[in-house]
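# here is a sequence together with a model predicted from it:
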Amino acid sequence: MAEKREKLVLVGNGMAGIGTIEQILKLGGAYDITVFGSEPHPNYNRIMLSYVLEGSKTINDIILNDWSWYEENNITLHTGTTVTRIDEGSKQVITENGMAVPYDKVIIATGSNSFILPVPGSDKEGVVGFRDISDCDAMLEAAQQYSKAAVIGGGLLGLEAAKGLVNLGMDVTVVHLMEDLMERQLDRNASSMLQAELERQGVKFAMGKQTVELTGEQRVSGLRFSDGSTLEADFVVMAVGIKPNITLAKESGVSVNRGIVVDDYLQTSMQNVYSIGECAEHRGVCYGLVAPLFEQGMVLAKHLCGSDTKPYEGSVVSTKLKISGVDVFSAGEFMDAPELTVISSKDEWKKTYKKILLKNNVIVGAVLFGDVTESANLQKLVKQGAVMTDEIYSELMGTGCCGGGNKKGTSVEAMADEEIVCGCNGVTKKAIIDAVTENGFTTVDEIKACTGATRSCGGCKPVVEQILQFVLGDSFQQAAKQGICGCTTLSRDEIVAEITAKGLKTTKEVMNVLGWKQEEGCSKCRPAINYYLGMMNPDTHQDEKESRFVNERMGANIQKDGTYTVIPRMYGGVTTPEDLKKIADVSLKYDVKVVKVTGGQRLDLIGVKKEDLPKVWEELDMPSGYGYAKSLRTVKTCVGSQFCRFGTQDSMGMGALMERKYERLDFPAKFKMAVNGCPRNCAESCTKDIGIVGNDGGWEIFIGGNGGIKPRIADAFCKVKTDEELIEVCSAVMQYYRETGNYLERTSEWVERMGLEQIQMVILNNEENRKELAARIDFALTQVTDPWKKILNDNSTRTALFEDARV
Amino acid sequence: MNKTTQMYAIGSVQDFLMQIGRVVVAGNVELAVFRTSDGGIYALENRSPHPKGGPLAEGIVSGHFLYDPLYDWKIDLRTGEVQAPDEGRVVTYPVTLDEDSLTVSV
Ligand SMILES: Cc1cc2nc3c(=O)[nH]c(=O)nc-3n(C[C@H](O)[C@H](O)[C@H](O)COP(=O)(O)OP(=O)(O)OC[C@H]3O[C@@H](n4cnc5c(N)ncnc54)[C@H](O)[C@@H]3O)c2cc1C
Ligand code: SF4
Ligand code: FES
């Protein structure tokens, strides 16, 4: 008996349908396959239309399966052919031009249509959606002839369209109904940062505007809004949403809701008819992104090939905007809510924002702006419903600097083989592993060429890299040993030991002798080594300005507009009317933009021009407040026994004394202190590197607190009776931290790494040791000098460092 | 647009500290000028090729490379080429040394 293959008909030649067919072919499914597509093209990558519009790709670049692919796989393809009905009785698929093709199984993957606002005038010439190649062509054409465009809709699609049109030279305004862009993926913070960035790139915005009419004769000439205002536009892109394309299903009697209703095996209400992709509605959800459709396709392909498969249970989606220089990422929950715990950090200088949402300590969502390096990791954690732990926390929120730390590598191990790593191109973990093991690939680029992973939005690249590392494992052991930076495999302790053993004197020597890969190091190791050398040889080390970060080199904080902030020292937070007057005079004379009280009770003079810095310091004639340095910043104080009715100790006096004593000395990271007169703790000792609280019989010392990136309440260290003991213990703690801390490691991390007991043992249980530590810091303190005095006395450095040359 | 090259005298080698950038405004172009440890002098446009921009002059110099101060991109001072994994290019301007005076053509 001749074997007869079953007939499989796919309606919809898009990403979901062809993705499923690819899987079926891989699984060796025995079907006669016929594909219908309304569009005149073979299968292409729809999400990359944004790049075509932007000009970085051509239509040919985004074809996923060309004609020969269909031929090679014996697939009959009918392009430009719309299917109008599935006839269940005769088991035939009927097309608009009267073709009838018999089937055993049908997959409906008809995708969506652009949602066109039902307002008067939306049928005018010059109004398009953004969905397919013909829309894209229309936009490219319009940009040649017209100049003013409006994009209605401030979501992912609208913004990508707007940026594309700006690149094509059009004057573009995005009209958005809400006050926030991408309000379905981003919170207010991220959305306003996004808007500011896009404005910088030339996109204009009309927010909170409801379009009620498109005006013009035959061709559109403008928009009218509900508040009566208008906007001129001779080209309009509607990007307000998509509508699942359910026409065919409805005509054929398949159950539909918003989309075509399917069960966990993608089966519709009609026997032998399946549906996947944007047109399908699963458990009440229609997805508008590609990751879910690959997950659905995998289940359906296995089901159709008769292999065992877990049911499809829905997808966690994440979003990434594909506009160059605008990195936005969002996954799962993104809005604050009472039942959620929110971890967030915002950096206005680097323009980054990071937010992680927890529900009962489970990671349920995240938003990133500006820096999306953690996106793949976060996406995975949200998907897994991972429980937040200290390790995950520090991995995600870490110190954000010094890449030295050990990298995560085990999480990919736990990933299921079938899990999709590259959502854009439907590439599984197994496919990547196979590519590596079968072809001996060792780079992401090779994997990309072979599997397509990382080919589209690039969001999966970090995970692909991790898998690569994980698979290569042993053969990469050598490289896996992480040094303090990419220039060396040596750790901090090894470097410090070598410096002592070999008597190394300069960063250059360290790098030469210890075999640095890059002769003069990098921005991570140079500042670190400069610090270690200075810490070890306080009297002989020549500080290397060229190995310092900009703020430390200039002795002032650089601000985002290129001006600097000056903070005069005010010991213990106490100043005098005379000094205030001087500060006011200098601020007026040099046109300081803002005078602000800092978090550490000092005065910030913000907005000083670089070339004015030396003069400002000269005229202030006050020591530098070191608000920029990895060094003692401030000793915050309360009022204390001098004036406060509760005070038992002179906190102002002790604070000023300590600030004078320890100022200017380098630490591994910035260092903050506080002194309080009584346990009411008005100066908030619990968030300081060293916090001191007075009591009736003496002082209590707390260490390792931090209110910044990684908030941590300080640990109670010990109680002392006298001022002398207080100073000796503080000195010893500081010096021990200086000698054992990794560069850029705050005490909050240092205390956790070393262990509180270890530090207590070294300092409290061993008097001799404590005295030696205190003596070493005292010696180092004799070597410090006022950087501004030095600069003011050195004309050529002063000119070269602070004055721009104008020629 | 017709572009003509103009020469600007920007001073002597001593006006530039070793491995520390300096801003030089030549006509209407803002340059970041660097002196490398082998004595080379390089002039680049003082603008990071990172889409968010920002200055370059304040970066850390290592050999013929610059680490930009805001994003830590590694940039070849000789060609302006941004090193992988990042990409981009900074405009570079030739500097010539005659006796002790430096000239940049912009
Ligand atoms: C500009 C743009 C950018 C995007 N960016 C992203 C992104 O960055 N990330 C992301 O995850 N997603 C993105 N998306 C969404 C993503 O492209 C879709 O989720 C995905 O393409 C849906 O696949 P599908 O197969 O369900 O539908 P489609 O790819 O739309 O395929 C459906 C196909 O069926 C055809 N068809 C419809 N009806 C019939 C019929 N009766 N007979 C025959 N053929 C028919 C249609 O012509 C169409 O070609 C973007 C979409 C667009 C338009
Ligand atoms: S901490 Fe005590 S002494 Fe200091 S201000 Fe507060 S109440 Fe007064
Ligand atoms: S997830 Fe977009 S390219 Fe892989």
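That came through, no problem. Please read all numbers here as calculations on a predicted model, not as lab measurements. Ligands and ions are numbered 1, 2, ... in the order given.
# contacts for whichever strand or helix holds A:Ser330?
Assigned by DSSP states H and E, A:Ser330 belongs to strand A:328-332. Identification of contacts with strand A:328-332 by CB atoms under 8 Å, 6 or more residues apart in numbering or on different chains yields A:182, A:185-186, A:190, A:194, A:316-321, A:357, A:364-369, A:372, A:375, A:378-379, A:382, A:459. No exception for glycine: its C-beta is placed from N, CA and C like everyone else's.
# just the ones in helices from these, please.
A:190, A:194, A:375, A:378-379, A:382 (DSSP state H).
# quick one: B:Ala32 is in a helix?
No - secondary structure of B:Ala32 (DSSP: H, G, I helix; E, B strand; the rest coil): strand, not part of a helix.
# what's around it, how many residues?
24 (other CB atoms under 10 Å in any protein chain shown).
# that one reaches B:Ile41, doesn't it?
No - the criterion here is CB atoms under 8 Å, and B:Ala32 misses it with B:Ile41 at 11.6 Å.
# beyond the lengthiest helix in chain A, next helix or strand please.
In chain A, assigned by DSSP H, the helix with the most residues is helix A:723-740. Sequence order places helix A:747-754 as the next helix or strand after helix A:723-740, per DSSP H and E.
# tell me where chain B has strands.
For chain B, applying DSSP state E gives strands covering B:7-12, B:22-26, B:29-35, B:41-45, B:60-62, B:65-67, B:74-76, B:92-93, B:95-98, B:101-105.
# any chance of these in a markdown table, plus distance to A:Asn245 and mean pLDDT?
Shown next, in a markdown table, are the strands of chain B (distance: least, CB to CB, whole Å; pLDDT from 0 to 100):
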| stretch | distance to A:Asn245 | mean pLDDT |
| --- | --- | --- |
| strand B:7-12 | 62 | 90 |
| strand B:22-26 | 57 | 92 |
| strand B:29-35 | 53 | 94 |
| strand B:41-45 | 49 | 95 |
| strand B:60-62 | 55 | 93 |
| strand B:65-67 | 51 | 94 |
| strand B:74-76 | 48 | 93 |
| strand B:92-93 | 52 | 94 |
| strand B:95-98 | 61 | 89 |
| strand B:101-105 | 60 | 90 |
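# which one of those lies closest to ligand 2?
strand B:60-62 (42.4 Å; CB to the nearest ligand atom).
# who does that closest one pair up with?
Paired neighbours of strand B:60-62 in the sheet (DSSP bridges): strand B:65-67 (antiparallel).
# follow-up on the earlier one: buried residues, the strand holding A:Ser330. List them.
Neighbour counts over strand A:328-332 (16 or more other CB atoms under 10 Å in any protein chain shown) mark A:328-332 as buried.
# what's the answer for stretch A:566-583, then?
A:566-573, A:575, A:579, A:582-583.
# sorry, back to before: check the ones in helices among the contacts of strand A:328-332 against ligand 3, which are close?
By CB under 6 Å from any ligand atom, no member of the ones in helices among the contacts of strand A:328-332 lies near ligand 3.
# and the two most separated of these?
The largest separation in these, counting by CB to CB, is between A:Leu194 and A:Val382 at 20.3 Å.
# contacts only, for the closest residue to ligand 2 within the stretch 651-800 of chain A.
With CB to the nearest ligand atom as the measure, A:Gly677 is the residue of the stretch 651-800 of chain A nearest to ligand 2, at 2.7 Å. A:Gly677 makes contact with A:638-641, A:644, A:646-651, A:694, according to CB under 8 Å, 6+ apart.
# next one: A:Gly259
Neighbouring residues of A:Gly259 by CB under 8 Å, 6+ apart: A:244, A:246, A:275, A:278-281, A:286.
# of all of the stretch 51-200 of chain A, which residue lies closest to ligand 3?
Residue nearest to ligand 3 within the stretch 51-200 of chain A (CB to the nearest ligand atom): A:Tyr51, separated by 11.8 Å.
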